[in-house]
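**Q** Give me a model of this one.
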Amino acid sequence: MRKLIRSGLIMGLLLAAPAQLWAKDIAVHAGRLIDGVSKAPRSNMTILIRDDRIISVTPGFTTPVGAEVVDLSRLTVLPGLIDCHVHLSFDLFTVKLPPQLQIVKRSSYDELLTAVESGRRTLMAGFTSVRDVAGYTPAMAALKNAVKSGGITGPRMWISGTPLGPTGGHSDLSNGFDAQVSKAEWRDAVIDGPDEAVKSVRQHHKGGADVIKITISGGTTTEGDNPHAQLMSDAEIQAVVDTAHVLGMKVAAHVQARGAIGRAAALGVDTIEHGTFADAADYNEMKAKGAWFVPTPLVAKFKADVARSRPEMFSASAASKLLSIDPLLENLGRAHKAGVKIAFGTDAGVVPHGQNAQGFALLVRSGLTPMEAIQTATASAAEAIGAAEDIGTIQPGRYADLVATANDPLADITELERIKFVMKGGSVVRANIAPQP
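**A** Next up, the predicted model:
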């Protein structure tokens, strides 16, 4: 009996012991470090990790007693990349159906299975965090929770759930269909009037959404809506913004139309998605209000490519609205010169999942330096999401989300398209590193 009591006391002491007794220490030796904080890379640094967090970043290659070493001494190490605009449950390229047919032929279960694979490919490409800004709310909340618990391999997720917009707007998935064709989740996307807006935001929050996405204007490849018009009223936008902010949620606005972009910023929207037809007045308003710009030039490139190579994927009216990439890049360059804050986004799903990093070259082409382009997908993206204390930089207290390239992405930004190493929360999920000679 005494042995049992003693054993029980010992077990109780162990269970009550500080978490540090169980901690796993990892020392990452980084040959070149772009930490998301410093203006220039640093050489020969040690990143010390305990469990899933960074506890120190120090000069030189050191190995604390008992620490496991991850040797990246010949690589460039960066924070895990962040894409602020993805659609994990949609895949224009793997699912060989035009967008309109995907809407009616695929169930939310099909979309969830697509999202699982899309998330895996995204993580392996070095994007350890994403903001998913369209997807059936219960399905995406379930995936987010499964990834968080470790049951599914994927990036950290901030989700909007179903986007919200007016009848006939960009989020109204019944556009172009007979009125008798309907799906229950389609109704979740439509808000007409401030009262409906308030209720929908509350329902999204209750259902597990982290951010609210609204569709203020039409899209460039959807039926029946107008990308050049503000389709939501100011009162509807304001109702969404006020309700979301009270609940601690940010608001992301799909908005293409000149004038409507600045109006959205003035009404308190946190991030402007796409911003295709913005002008100087819009950019001035965004800068004045501190709104983030999440341009998606990569999707414009892919849409134009697909419209030429697979014209059956878009209707004639939708294809006619596709733009050349050059005006978009020129607009992006003007926004950058105007001092608008830019966060990285791709519209992955319309862009192939796992090819997100191709967007960096377009940012550089628009006038950003390679370091500025990298910052859009690290520190800036983390701030735009509202998670700068957890992700986006390599410094104490942040999650141990790291990626590495063989060569210097500041010399060749396309190095980010060839990620060799991925760590998420202190766990290595990809290590394609050549053996040392």
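**Q** residue boundaries of the strands in the stretch 101-250 of the chain?
**A** 127-132, 156-159, 211-215, 250-255 (DSSP state E, counting those that start in this stretch).
**Q** Each with direction, which strands does the second one pair with?
**A** This points to strand 156-159. Here strand 156-159 has these sheet partners by DSSP bridges: strand 127-132 (parallel).
**Q** Contacts for the strand it pairs with next, please.
**A** Residues outside strand 127-132 that contact it (Cβ atoms under 8 Å, 6 or more residues apart in numbering): 80-89, 115, 119, 122, 140, 144, 155-160, 211, 252, 356-357, 377, 381-382, 385, 387, 391-392, 399, 401, 403, 422, 424. In this view, the C-beta of every residue, glycine as well, is placed from N, C-alpha and C.
**Q** Among those, the buried ones, what's the ChimeraX command?
**A** Those of these that count as buried under 16 or more other Cβ atoms under 10 Å are selected in ChimeraX with:
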select :80,81,82,83,84,85,86,87,88,89,115,119,122,140,144,155,156,157,158,159,160,211,252,356,357,377,381,382,385,387,391,392,399,401,403,422,424
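**Q** gap between the nearest residue to residue 94 once chain neighbours are set aside and residue 424?
**A** Nearest non-adjacent residue to residue 94, counting by Cβ to Cβ, 6 or more residues apart in numbering: residue 114, 7.4 Å away. Note on residue 114: its distance to residue 424, by Cβ to Cβ, to the nearest Å, is 21 Å.
**Q** do the same with residue 377
**A** 15 Å.
**Q** what does the domain assignment say about the protein?
**A** 14-79+395-431, 81-385 (automatic domain parsing).
**Q** For the longest one, give the mean pLDDT please.
**A** Right, domain 81-385. Throughout domain 81-385, pLDDT has a mean value of 89.
**Q** hey, where'd the helices end up in the stretch 251-400 of the chain?
**A** Here the stretch 251-400 of the chain has its helices, by DSSP state H, counting those that start in this stretch, at 260-266, 280-289, 297-309, 316-319, 325-337, 359-366, 370-376, 379-385.
**Q** got the ones you listed as CSV, with distance to residue 36 columns?
**A** Output for the helices of the stretch 251-400 of the chain, formatted as CSV (distance: least, Cβ to Cβ, whole Å):
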stretch, distance to residue 36
helix 260-266, 25
helix 280-289, 22
helix 297-309, 21
helix 316-319, 38
helix 325-337, 18
helix 359-366, 14
helix 370-376, 7
helix 379-385, 4
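**Q** Between those, which one is closest to residue 164.
**A** helix 260-266 (13.4 Å; Cβ to Cβ).
**Q** The closest one packs against which elements?
**A** helix 234-246, strand 250-255, strand 271-274, helix 280-289 (3 or more Cβ pairs under 8 Å, 6 or more residues apart in numbering; DSSP states H and E).
**Q** Among those, single out whichever gets nearest to residue 55.
**A** strand 250-255 (29.0 Å).
**Q** can you state the direction angle for that closest one and strand 127-132?
**A** On the basis of axes from the mean of the first three to the mean of the last three Cα atoms, to 10 degrees, strand 250-255 is oriented at 70 degrees to strand 127-132.
**Q** can I get the helices and strands packed on helix 260-266 in JSON lines with distance to residue 28?
**A** Below are those laid out as JSON lines (distance: least, Cβ to Cβ, whole Å):
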{"stretch": "helix 234-246", "distance to residue 28": "38"}
{"stretch": "strand 250-255", "distance to residue 28": "31"}
{"stretch": "strand 271-274", "distance to residue 28": "31"}
{"stretch": "helix 280-289", "distance to residue 28": "37"}
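**Q** To residue 54, which of the ones you listed lies closest?
**A** Between residue 54 and the helices and strands packed on helix 260-266, the shortest gap by Cβ to Cβ is with strand 250-255, which sits at 24.9 Å.
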